[in-house]
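J.: got a sequence here, can you build the structure:
(2 chains)
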Amino acid sequence: MNTLVEIAHLKKSFGNNEVLKDMNLKVEQGENLVVLGKSGSGKSVLIKCLVGLIEPDDGEVILLGKNIADLKSYELNALRKKVGFLFQSAALYDSMTVRENLEFPLRDLKLSKEEIETLVIDTLKSVGLEGAIDKMPAELSGGMRKRVGLARTLILKPELILYDEPTTGLDPITSKEISQLILDVQKKYNSAAIIITHDVECARITANRMMIIKDGTTIIEGSFKEISESKDEWIHSFFK
Amino acid sequence: MAEILSKPLENSYLKTVKCFFEEVAKLTLFTFRFFKEVFKPRYEFNELVKQSYSIGYKSFPIVIITGFIMGLVLTIQSRPTLANFGAESWLPAMVAVSIIREIGPVITALIFAGKVGSGIGAELASMKVTEQIDAMEVSGINPFKYIVVTRIVAATLMLPVLVIVADAIALYGSYIGVNLKGDVSFHLFFSSVFQTLSFTDVFPATIKTVFFGFAVGLIGCYKGYNADKGTEGVGIAANSAVVYASLLVFILDMIAVQITSLFS
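T.: As a prediction, this is how the structure comes out:
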């Protein structure tokens, strides 16, 4: 199998707060890795280090075969186009319509107007939101915003998608729909994903493999079933 | 006792001085980054036009109103003093020189700092807080070029235009002010204005507005782009953008006056 992400001995501190102590992980092509952990355990910092939004203090990040520390800014930008990132808040550009949000990542590609229009509509259809094409982000519900955010991520057909708390702030039904959508995306695009969450139901639906982090380091790794059957009280408390 | 009390005070002064120099260093780096990015393709013309419309065109109403009031009030306030010296006929010339050289550019720049500087600061800070800037970065687009460079260039280009409009409207306001207690024809008023004004009045005053516009755009973008997380950061960015941009306008004005006086 093709390894898309390899993180070794990653460390990151903010002042005296050591957020990531010694993180190691690997993600293979077509695999959904769920990273579960309490709020403040360093999950979001981990994926932000992965795409160069936060510079790690130490350790190695190999993304799609390239060590991101060795890349020049234009090389990193080119690499980022192959990686999708769904933010916790969806991070839609609120001065743009849904259509413009989806067109924005395509601006450097030499595509005709018709091709862009087709791509935008097809991607919106894949998240079930073609009717919202001319709406402003402020007119959308939380679930719709996440779907549009996902559509904006998918429009560049990324090899790897990073989901930062995809179900946070959503009702249980919408959370389940988003989790199902993550699975559909994996099947349709054969993409790999790192899903950062503290939602066990989301983890159960989406995970091929799972790891739990505590105090900036991995404490257990395995399938959902293996981890949910753990005898460790702290780990077990996630599944109660 | 005095020694114990003076220690924390000393520390707080040192901290303030350190913060000041850190802020100046960061602003200098931000300015260098602007000049590095502004000449590098790709050029964001569409966004520049959009920002020029929003920063410039949408500021016309407030600039026109303040310009008119500025000219009218200055004329009404100056008339009694000039009348005491029997120099009422100098009113158009005096008001014109005051407006064109100093009051027009500075007042318009301050209005601009209040409206545009705070707007840019708040907009960028809220984009930062809601991770929109990060979203741009991870989709392989340079957010500094798209968001910061376009806004600073738009502010730099638009303020001189706004000042020219404000000056023209202020002179018209002055004409109305003169005629509240007198009878001066439009032709006579503006003949007097243009006979008094020279190239050395108009040119330096227009050039300095380019720097004022740059300062307002730069400070607004700097404060917004470097805002702390949270909604409190948005308020702080908007507020400090206005305060620092206004202060910088006065400092630049002082420098401009010194430079102009060297050549006159």
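J.: could you list every helix and strand that the longest helix along chain A packs against?
T.: The residue-count maximum for a helix in chain A (DSSP state H) belongs to helix A:172-189. With contacts taken as 3 or more CB pairs under 8 Å, 6 or more residues apart in numbering or on different chains; DSSP states H and E, helix A:172-189 sits against strand A:32-37, helix A:113-126, helix A:142-154, strand A:192-197, helix A:200-206. For the C-beta atoms, the positions are set from N, CA and C on the backbone; glycine is no exception.
J.: which residues touch it?
T.: Helix A:172-189 is contacted by residues A:30, A:32, A:126-127, A:142-143, A:146-147, A:150, A:154, A:157-158, A:161, A:163, A:166-167, A:170, A:191-193, A:195, A:199, A:201-202, A:205-206 when judged by CB atoms under 8 Å, 6 or more residues apart in numbering or on different chains.
J.: rewinding a little: out of the helices and strands packed on helix A:172-189, which one sits most buried?
T.: Most buried of these, by mean neighbour count (mean count of other CB atoms under 10 Å in any protein chain shown): strand A:192-197, with a mean of 26.
J.: quick one: list the elements packing against that strand.
T.: Contacts defined by 3+ CB pairs under 8 Å, 6+ apart place strand A:192-197 against strand A:3-14, strand A:17-28, strand A:32-37, helix A:43-50, strand A:160-164, helix A:172-189, helix A:200-206.
J.: again, 7 Å this time
T.: Contact partners of strand A:192-197 among helices and strands, from 3 or more CB pairs under 7 Å, 6 or more residues apart in numbering or on different chains; DSSP states H and E: strand A:17-28, strand A:32-37, helix A:43-50, strand A:160-164, helix A:172-189.
J.: pull the distance from it to the chain's centre.
T.: Strand A:192-197 sits 5 Å away from the centroid of its parent chain (CA atoms, centre = their mean, to the nearest Å).
J.: what of stretch B:16-31?
T.: Worked out by CA atoms, centre = their mean, stretch B:16-31 lies 21 Å from the chain centre.
J.: what average pLDDT does it get?
T.: The average pLDDT for stretch B:16-31 rounds to 93.
J.: ok, and for it, which residues are buried?
T.: Under the neighbour-count criterion of 16 or more other CB atoms under 10 Å in any protein chain shown, stretch B:16-31 has B:Leu27, B:Phe30 buried.
J.: just the helices in chain B please.
T.: For chain B, applying DSSP H gives helices covering B:2-38, B:45-55, B:60-84, B:91-98, B:104-112, B:118-129, B:132-138, B:143, B:150-180, B:186-196, B:199-225, B:231-263.
J.: tell me the contacts of residue 31?
T.: Assuming you mean chain A. A:Glu31 makes contact with A:Ala192, A:Asn208, A:Arg209 under the criterion CB atoms under 7 Å, 6 or more residues apart in numbering or on different chains.
J.: nope, chain B
T.: So B:Thr31 contacts B:Leu218 (CB under 7 Å, 6+ apart).
J.: columns distance to A:Gly52 on top of the helices of chain B, output as a markdown table?
T.: A markdown table is the format used below for the helices of chain B (distance: least, CB to CB, whole Å):
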| stretch | distance to A:Gly52 |
| --- | --- |
| helix B:2-38 | 17 |
| helix B:45-55 | 24 |
| helix B:60-84 | 42 |
| helix B:91-98 | 54 |
| helix B:104-112 | 36 |
| helix B:118-129 | 17 |
| helix B:132-138 | 8 |
| helix B:143 | 13 |
| helix B:150-180 | 23 |
| helix B:186-196 | 58 |
| helix B:199-225 | 18 |
| helix B:231-263 | 23 |
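J.: among these, which is nearest A:Leu36?
T.: helix B:132-138 (22.4 Å; CB to CB).
J.: does that closest one reach chain A?
T.: Yes. With CB under 7 Å from any CB of the partner chain as the measure, helix B:132-138 is seen reaching chain A through B:Gln132, B:Asp134, B:Ala135, B:Glu137, B:Val138.
J.: so what does that helix touch, helix or strand wise?
T.: Applying 3+ CB pairs under 7 Å, 6+ apart, one finds that helix B:132-138 contacts helix B:143.
J.: where does pLDDT dip in the chain?
T.: As the question left the chain open, I've gone with chain A. A:1 (pLDDT under 70).
J.: actually chain B
T.: Using pLDDT under 70, chain B drops low at B:1-10, B:229, B:264.
J.: interface residues of it facing chain A?
T.: B:Thr130, B:Glu131, B:Gln132, B:Asp134, B:Ala135, B:Glu137, B:Val138, B:Ser139, B:Gly140.
J.: got the contacts of A:Glu31 as a markdown table, with distance to B:Gly117 columns?
T.: Shown next, in a markdown table, are the contacts of A:Glu31 (distance: CB to CB, whole Å):
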| residue | distance to B:Gly117 |
| --- | --- |
| A:Ala192 | 44 |
| A:Asn208 | 50 |
| A:Arg209 | 50 |
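J.: any idea which of these is closest to chain B?
T.: Each of the contacts of A:Glu31 was scored against chain B by CB to the nearest CB, and A:Ala192 proved nearest at 16.1 Å.
J.: for the nearest residue to A:Ala90 once chain neighbours are set aside, list the residues it contacts.
T.: Nearest residue to A:Ala90, sequence neighbours excluded (CB to CB, 6 or more residues apart in numbering or on different chains): A:Gly149, at 3.4 Å. The contact partners of A:Gly149, taken as CB under 7 Å, 6+ apart, are A:Leu86, A:Phe87, A:Ala90, A:Ala91, A:Leu92.
J.: any chance of the residues you listed in CSV, plus secondary structure?
T.: Output for those, formatted as CSV (DSSP: H, G, I helix; E, B strand; the rest coil):
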residue, secondary structure
A:Leu86, strand
A:Phe87, coil
A:Ala90, coil
A:Ala91, coil
A:Leu92, coil
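J.: could you pull up the residues touching B:Glu131?
T.: Contact partners of B:Glu131, counting by CB under 7 Å, 6+ apart, are A:Phe87, A:Ser89, A:Ala91.
J.: kindly recompute the last result at 8 Å.
T.: The contact partners of B:Glu131, by CB under 8 Å, 6+ apart, come to A:Phe87, A:Gln88, A:Ser89, A:Ala91.
J.: which of the residues you listed tops the neighbour count?
T.: Counting neighbours by other CB atoms under 10 Å in any protein chain shown, A:Ala91 leads the contacts of B:Glu131 with 25 neighbours.
J.: now the most centrally placed residue in chain B. Nearest residue, chain neighbours left out?
T.: Central residue of chain B (CA atoms, centre = their mean): B:Ala109, 3.0 Å from the mean position. Excluding its sequence neighbours, the residue lying closest to B:Ala109 (CB to CB, 6+ apart) is B:Phe212, at 4.0 Å.
J.: count of neighbours near that neighbour?
T.: So B:Phe212, with other CB under 10 Å, has 28 neighbours.
J.: gap between it and A:Ile68?
T.: Distance of B:Phe212 to A:Ile68, given as CB to CB, to the nearest Å: 41 Å.
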